[in-house]
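Visitor: here is my input; please provide its structure:
(2 chains)
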Amino acid sequence: MRVKLREIAHARAGDKGNISNVSVWVYDARNYEALKEQLTPERIKRAYPKLFRGAIERHTLDRIHGLNFVMRDGIEGGVNTSLNLDSHGKSWSYLILDLDVELT
Amino acid sequence: MSPLISIGCGAGFSADRLDPACALAESGRVSYLVFECVGERTLAHGHRDRMLNPEGGYNTLLKPRMRALLPICKRTGTRIVTNMGAANPKAAAQACIEVARELQLPGLKVALVLGDDITESISPDWQLPEAGKTIGKIGHKVIGANAYLGVEHLLPAIECEADVVITGRFADPSLFMAPVVHHYDWKLDDWDRLAAGTLMGHLLECGMQLTGGYFADPPYKNVPDLAHCGYPLAEIDADGGLVVTKLPEAGGCVTLQTVKEQLVYEVHDPSAYLTPDVIADFSNVDLREEGRDRVRISGVRGRERPRTLKVTVGFDGGFQGEAGISYSGPGAQGRAELARDILLERITRLHKCAGRLRIDLIGLNSIHGTATTRASDTQDIRVYTTYQDFDRTAVETVMWEVESLLCCGPAGGGGFRGQVTPKVVTHSAFVKRDTIAAQTQVLEA
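Guide: A predicted model of the protein is given here:
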């Protein structure tokens, strides 16, 4: 079954300089493995190459079922440089939650 | 043994709400109420304000906050710690004394901490690692530079037992942890306890982001009474055992989900969260719901603090103009796209404005416009132009072009609003810890 990530997970975006981080947390621990397998840095980079121009790192929080993505050069210059109305990238969490995941 | 200490948050950013801070002070539940009001953006603007007015440069909401809180805190014995001094802690402390005199609170003590502002001692050959060049190579005027100070620099002010402690730039968690270190007499190399105190400060420092703010997403994530959301408070014991909660009568919620989201907010590697006080490892924490709106956090570890302190350097960024005009009803998209094309033609070709330009079609594609293209059948579109340049005349030309669309552009264009603001650009550098000398001064009303 294919679902939007927002159906099974919640997320929050933060900024530091020109680096964005988005943490993603499954509501139900049983979906954690599927999330970990499918939501990779490559997947995110492939979905939004024009926005996330630098390296993407992923940190796992296995005990509490979360992933933390760190996008370098990920906020169009950062809060004091970007011309984007959302110059912090606060809404990047919803770019991630808009991706699809396959559940078995 | 010292009794358990509770620390509350009274603000998590420069413009945060006041009434929930008053409620927390009024409750008598917290020994210290911490107002964290400085960010990369606000501090840079503080320096600019101070250049225009030597008595300015501190948080503009300091006086209204103090007017409301000083009488309550005097009554409940709650002490205030805040970085609302921003680029001018001295003037902020003086303003605080003025409020105390207005309110006839004689003897009120304000401690201020100086030493974070190192604008005078920076050198053009300092590296800016993220920018990949030196300060000199940025090529624009430095507006201000501040080091992130830590608990060791704040302790002398906390030890004064002042009613209010006012600082400039500190690492956010340090503001919350310093009273705890003082209360339990923690050693400054007790890395595990300092990591627990840092985690406490990190969870509290964005205010309602722990209690339901920046979280609600109906129908998946519902927050009760978000309109009256309360600020968080933490109870921390002598060994760093930590519980976060809120006032029972306040709106909002403290759940595993809100705590998880805040745990790594603006954190990169959760096993190495760097502050001036410690390197904290959040990667193996356990969270337990202990009751309604009570979450216990355990398993945080710490290791030796970094040898350098982070510095934010602010540079003159010229001016930014922003202007919008709206198109609504049938054919709105076609008219908005025509308006955008006219602006591009006139701004870049006719006027040859060479600054940075972005035009968003709000309603169709705006803040996610760089990332992706979305389908929309809206009939309500705002053409939003953003332009940055060091030449103010060029910025004003762009604003004029957007306004001229009222009579010269597509049919039915209305609702023009525009503004030009000075811009500041910031970059991070690092300094050796021993080059920083903080000083504490005490004023009395």
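
Visitor: what about the longest helix in chain B?
Guide: Longest helix in chain B by number of residues (criterion: DSSP state H): helix B:392-408.

Visitor: what about the lowest-mean-pLDDT helix or strand in chain B, distance to the chain center?
Guide: The least trusted helix or strand in chain B, going by mean pLDDT, DSSP states H and E, turns out to be helix B:40-52, with a mean of 90. Centroid separation between helix B:40-52 and its chain, computed with Cα atoms, centre = their mean, to the nearest Å, is 13 Å.

Visitor: swap in stretch B:132-141?
Guide: 25 Å.

Visitor: given the following helix or strand past the longest helix of chain B, what are its sheet partners and their directions?
Guide: Using DSSP states H and E, the next helix or strand after helix B:392-408 towards the C-terminus is strand B:414-432. Paired with strand B:414-432 in the same sheet, following DSSP bridges, are strand B:308-328 (antiparallel).

Visitor: list the buried residues for the strand it pairs with?
Guide: Neighbour-count burial for strand B:308-328, counted by 16 or more other Cβ atoms under 10 Å in any protein chain shown, picks out B:309-328. Every residue, glycine included, has its C-beta placed from N, CA and C.

Visitor: which other helices and strands does the longest helix of chain B contact?
Guide: strand B:308-328, helix B:332-344, strand B:380-389, strand B:414-432 (3 or more Cβ pairs under 8 Å, 6 or more residues apart in numbering or on different chains; DSSP states H and E).

Visitor: who's in contact with residue 40?
Guide: Went with chain A since none was named. Applying Cβ atoms under 8 Å, 6 or more residues apart in numbering or on different chains to A:Thr40 gives the contacts A:Arg58.

Visitor: was after chain B, sorry
Guide: B:Glu40 touches A:Lys16, A:Gly17, A:Gly78, A:Val79, A:Asn80, B:Thr312, B:Thr426, counting by Cβ under 8 Å, 6+ apart.

Visitor: ok, it to B:Lys141 distance?
Guide: 18 Å (Cβ to Cβ, to the nearest Å).

Visitor: B:Asp391 too?
Guide: Going from B:Asp391 to B:Lys141 by Cβ to Cβ gives 15 Å.

Visitor: pLDDT wise, what is residue 97 at?
Guide: No chain specified, so I'll use chain A. Predicted confidence (pLDDT) for A:Leu97: 98.

Visitor: meant chain B, my bad for not saying
Guide: pLDDT for B:Ile97: 98.

Visitor: checking my notes, it in a strand, right?
Guide: No. Using DSSP: H, G, I helix; E, B strand; the rest coil, the secondary structure at B:Ile97 is helix, not a strand.

Visitor: my read: it touches B:Leu112, true?
Guide: No. The pair B:Ile97 / B:Leu112 is not scored as a contact, 10.2 Å apart, by Cβ atoms under 8 Å.

Visitor: who has more neighbours out of those two?
Guide: B:Leu112 (24 against 19; other Cβ atoms under 10 Å in any protein chain shown).

Visitor: what's that one in contact with, if anything?
Guide: Contacts of B:Leu112 (Cβ under 8 Å, 6+ apart): B:85, B:89-90, B:92-93, B:157, B:165-167, B:440-443.

Visitor: now with 10 Å?
Guide: B:85, B:89-94, B:96, B:157, B:162, B:164-168, B:439-443 (Cβ atoms under 10 Å, 6 or more residues apart in numbering or on different chains).

Visitor: I figured A:Asn18 hits A:Glu76, correct?
Guide: Yes. Counting by Cβ atoms under 10 Å, A:Asn18 touches A:Glu76, with 8.0 Å between them.

Visitor: three-state assignment of A:Asn84?
Guide: Note that with three-state DSSP, the state of A:Asn84 is coil.

Visitor: leaving out sequence neighbours, find the closest residue to it.
Guide: A:Glu76 (5.2 Å; Cβ to Cβ, 6 or more residues apart in numbering or on different chains).

Visitor: show me the helices in chain A, by range?
Guide: Counting by DSSP H, chain A has helices at residues A:5-8, A:32-38, A:41-47, A:92-97.

Visitor: follow-up on the earlier one: residue contacts, the residue nearest to A:Asn84?
Guide: A:18, A:20, A:50-51, A:53, A:82-84, A:86-87, A:89, B:358, B:370-371.

Visitor: can you pull the pLDDT of it?
Guide: Confidence for A:Glu76, expressed as pLDDT, is 94.

Visitor: off-centre distance for stretch B:27-44?
Guide: 9 Å.

Visitor: end-to-end on it?
Guide: One end of stretch B:27-44 sits 35 Å from the other (Cα to Cα, to the nearest Å).

Visitor: what comes up buried for that stretch?
Guide: Those would be B:27, B:29-44, for stretch B:27-44 by 16+ other Cβ under 10 Å.

Visitor: tell me the buried residues in stretch B:204-219?
Guide: B:Leu204, B:Glu205, B:Cys206, B:Gly207, B:Met208, B:Gln209, B:Leu210, B:Thr211, B:Gly212, B:Gly213, B:Tyr214, B:Phe215.

Visitor: what's the answer for stretch B:282-296, then?
Guide: B:Phe282, B:Ser283, B:Val285, B:Leu287, B:Asp293, B:Val295, B:Arg296.

Visitor: how far away from the center of its chain is that stretch?
Guide: Centroid separation between stretch B:282-296 and its chain, computed with Cα atoms, centre = their mean, is 25 Å.

Visitor: is that stretch in proximity to chain A?
Guide: Yes. For stretch B:282-296, a contact with chain A is found by Cβ under 10 Å from any Cβ of the partner chain, at B:Phe282, B:Ser283, B:Asn284, B:Val285, B:Asp286, B:Leu287.

Visitor: mark which of the residues you listed are part of strands, please.
Guide: Counting by DSSP state E, the part of these found in strands is B:Asp286, B:Leu287.

Visitor: which pair in the residues of stretch B:282-296 next to chain A spans the largest distance?
Guide: B:Ser283 and B:Leu287 (13.1 Å; Cβ to Cβ).

Visitor: for chain A, what spans make up the strands?
Guide: Along chain A, counting by DSSP E, strands occupy A:2-4, A:9-16, A:19-26, A:56-61, A:66-71, A:100-102.
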